[in-house]
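A.B. asks: Got a sequence here, can you build the structure:
(one chain, ligands or ions: 4)
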Amino acid sequence: MNLSARTVALTLAGVIPGVALALAAARVAPTATISLPVPEARAASSEGAGNANRQAIGMSGCLAAACHGAPAGKVLNGERGIDCWQSSGSCWAAADPHTAAYSLLTDNPRRPLKITAAKIMAKYAPGKKATEDARCLACHTNPALAREELIPDANALVLREQGVSCEACHGNASVWLQPHTAWKGDRAKVYADTGMKPLYDLGERALACAGCHVGAPAENGLPVRDMNHDMIAAGHPRLNFDFAEYQRRLPQHWQEKDRTKSSYSPIVPNEAKVWFVGRVAHAEAACKLLEDRAKRSLDANEHRTPWPEFAEFNCASCHHNLRIPGKSEKYGDWRKSSEYLGERPIGVPPWQMIWPLTSAAGIESPKRDQALLKTVVLAMESPRPAKADKAQGVAKTTGEQAGNLRRELVSQPGEQVEARARAFFPRGALNLPEWDSATQVFFGLAALEYARGKPSDTVVKKYRSGVTAFRDQDWDRLESAFKAIHEK
Ligand code: HEC
Ligand code: HEC
Ligand code: HEC
Ligand code: HEC
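C.D. replies: Ligands and ions are numbered 1, 2, ... in the order given. The predicted structure follows:
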């Protein structure tokens, strides 16, 4: 087998959602009285949040003009005032990439694709339709509706077709729908009691996204969400999540406010804090997934989980042609370079890059043995990767540590977290010899730039061109984008 000859399509960043204003004009202005619509579809019998009473009701329950279906023109223009909630649903329906999520599994995808679900399935699970496979549905719709026993349910199908809609992020609504128009008392408590997800908490929000954009074990009645090497090799784009970057790319349908106070005050989150909290939540999700993969691989009834799972490692360590095209002279040796190797034995594939929780090639900090995830990294990066039972234990402990750090960061003021984040970044010239490290550092630098205030149009343009350079694997364009955003 000659890996160096293979073409590996690394889809590093997807489509920037086009903003459709069509829906905006169509609706009547909201009135002050709120009457709750009776959901058209019968609630699907789904346990979702681990409670049989919490059922998915679908988005028609949210989109009435008097609720969250008011014209979205202002919100889509970036004007988010105290009345933003009235247009949240229309904003999502008009412009959010998640509206297309389910359609990607069908023969009628709502956006142009590089690869179709049918092609992926032909290699991954021949004879099975993606729309009937829980392993695909789990991320492409409300995961609570992807449980095996709901797959043949006609009503659940109607709701699944709505894609990653309201309840996929906010939680199944049957219990909170009625009371949420007049919350009283402690937010965290009423959310927990009714099954509404506490997305006002930046860390919980990042974890909610990571459930699909990084992956998650089967828990609370939700099926496993696992983008493994089998799916990637069958053609699925690899997932390249950065919470700060992805959140900026969504058409934001909410005003950021401190929902823990009874009288809301709008807040402007510090983008460096968003980035750092997002990285830590990413690490936490990755550790939980690793723990689960190890556990499944030891399960005698589970035949589909290999050990070690290749998607745990830096893709470029095995796939040679990720080398910078035409630059083999300048960068060809990076795999053997000291920044990349550190104390890692030569020939051992490095674990996935979650900088700055792991070290990255080409930058000084953190060192391999000082990084937060060092125990996982050392276990996975030994000549024989940790046995599954050992990896399971190490990943569990490290995931819990990441969870503690996430909560600590969320509770700290923005400037303080920003200062902690800035300390990781190199000052002088950047030497980033491989794509995965470069991606991570690039997203981080962009977050710092945004934290200083909205960057100038020129910088944003450069930055966007850097993001697409990852997709095209255009190293020159990437270097030039780095120069624009790197601290002078
Ligand atoms: C239930 C699973 C799920 C959850 C939860 C989820 N996403 Fe997604 N997301 C998807 C899927 C599937 C797609 C692909 C849709 C497409 O490309 O049309 C996607 C696409 C996106 C895109 C567009 C990708 C691109 O390359 O432009 C962004 C941005 C995004 N998600 C951000 C987020 C953020 C931020 C959160 C959390 C607030 C989140 N997602 C939560 C499943 C999910
Ligand atoms: C862990 C979550 C997850 C799982 C599991 C998953 N997907 Fe996806 N899928 C995504 C996300 C997120 C995207 C968008 C990726 C991006 O834009 O970067 C996506 C994108 C796609 C696309 C668009 C590809 C393109 O060319 O743009 C197709 C088709 C697809 N998925 C099909 C499938 C099929 C078939 C399965 C089951 C074998 C599956 N997905 C399983 C999360 C998932
Ligand atoms: C990809 C995840 C995601 C999806 C899908 C989603 N939301 Fe949200 N929504 C969020 C996040 C994150 C927030 C901010 C939460 C907070 O501050 O408490 C939010 C906030 C809101 C708010 C509060 C607005 C404000 O300014 O106070 C409303 C209302 C809302 N969403 C309605 C909806 C509706 C209706 C849908 C479906 C049509 C929907 N959301 C789909 C992630 C999502
Ligand atoms: C430990 C080594 C290893 C790692 C790490 C690894 N792969 Fe692979 N990959 C392989 C092998 C071996 C094959 C099978 C080659 C064959 O089919 O002959 C393969 C096949 C593939 C294919 C199918 C190629 C084709 O031409 O059919 C793709 C795409 C792919 N890998 C992407 C990735 C991505 C993306 C990552 C990182 C998330 C990754 N790989 C990590 C070893 C690895």
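
A.B. asks: count of residues packed around residue 390?
C.D. replies: 12 (other CB atoms under 10 Å). Using the backbone N, CA and C atoms, a C-beta is placed for each residue, glycine as well.

A.B. asks: Distance-wise, check it relative to residue 375.
C.D. replies: Applying CB to CB, to the nearest Å, the value for residue 390 to residue 375 is 10 Å.

A.B. asks: Same check on residue 132?
C.D. replies: Taken as CB to CB, the span from residue 132 to residue 375 is 40 Å.

A.B. asks: Compare these two (neighbour count), which wins?
C.D. replies: The neighbour comparison of residue 132 against residue 375 (other CB under 10 Å) goes to residue 375, with 17 against 14.

A.B. asks: Quick check: closest non-adjacent residue to the most centrally placed residue in the chain.
C.D. replies: Central residue of the chain (CA atoms, centre = their mean): residue 213, 3.2 Å from the mean position. Setting aside the residues directly before and after it, residue 213 is nearest to residue 241 in space (CB to CB, 6 or more residues apart in numbering), at 3.8 Å.

A.B. asks: Go ahead and confirm the one you found touches residue 279.
C.D. replies: No - here residue 241 lies out of contact with residue 279, judged by CB atoms under 8 Å, at a distance of 10.1 Å.

A.B. asks: out of those two, which sits in the busier spot?
C.D. replies: Per other CB under 10 Å, whichever of residue 241 and residue 279 has more neighbours is residue 279, with 30 against 19.

A.B. asks: For the strand or helix carrying the more buried one, enumerate the helices and strands it packs against.
C.D. replies: Here residue 279 sits within helix 271-297, counting by DSSP states H and E. Helix 271-297 is packed against helix 202-213, helix 243-249, helix 374-380, helix 388-411, helix 414-422, helix 435-451, with contacts defined by 3 or more CB pairs under 8 Å, 6 or more residues apart in numbering; DSSP states H and E.

A.B. asks: now those helices in TSV, with distance to residue 155 and mean pLDDT?
C.D. replies: What follows is the helices and strands packed on helix 271-297, written out as TSV (distance: least, CB to CB, whole Å; pLDDT from 0 to 100):
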stretch	distance to residue 155	mean pLDDT
helix 202-213	23	98
helix 243-249	31	94
helix 374-380	42	93
helix 388-411	36	97
helix 414-422	44	97
helix 435-451	40	89
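
A.B. asks: Can you say which of those is nearest to residue 301?
C.D. replies: helix 388-411 (15.1 Å; CB to CB).

A.B. asks: when you scan the closest one, is anything in it near ligand 3?
C.D. replies: No - judged by CB under 6 Å from any ligand atom, helix 388-411 and ligand 3 are separated, with a smallest distance of 12.9 Å.

A.B. asks: before we move on, what about stretch 203-221?
C.D. replies: Yes - Stretch 203-221 is in contact with ligand 3 by CB under 6 Å from any ligand atom, via residue 205.

A.B. asks: Enumerate the residues of the stretch 301-450 of the chain near ligand 4.
C.D. replies: So the stretch 301-450 of the chain meets ligand 4 at 310, 311, 313, 315, 317, 318, 319, 349 (CB under 6 Å from any ligand atom).

A.B. asks: One more pass at 5 Å, please.
C.D. replies: Residues of the stretch 301-450 of the chain found near ligand 4 (CB under 5 Å from any ligand atom) are 310, 311, 313, 315, 318, 349.

A.B. asks: List buried residues within those residues.
C.D. replies: For these, a burial check counting by 16 or more other CB atoms under 10 Å picks out 311, 313, 315, 349.

A.B. asks: you'd agree the last one is in a strand?
C.D. replies: In this case it means residue 349. No - counting by DSSP: H, G, I helix; E, B strand; the rest coil, residue 349 is not found in a strand; it is coil.

A.B. asks: Next one: it from ligand 1, what distance?
C.D. replies: The gap separating residue 349 from ligand 1 is 26 Å, by CB to the nearest ligand atom, to the nearest Å.

A.B. asks: Which residue, neighbours along the chain excluded, lies closest to that residue?
C.D. replies: With CB to CB, 6+ apart, the residue lying closest to residue 349 is residue 317, at 3.7 Å.

A.B. asks: Next one: residue 172 from residue 57, what distance?
C.D. replies: For residue 172 relative to residue 57 (CB to CB), the value is 8 Å.
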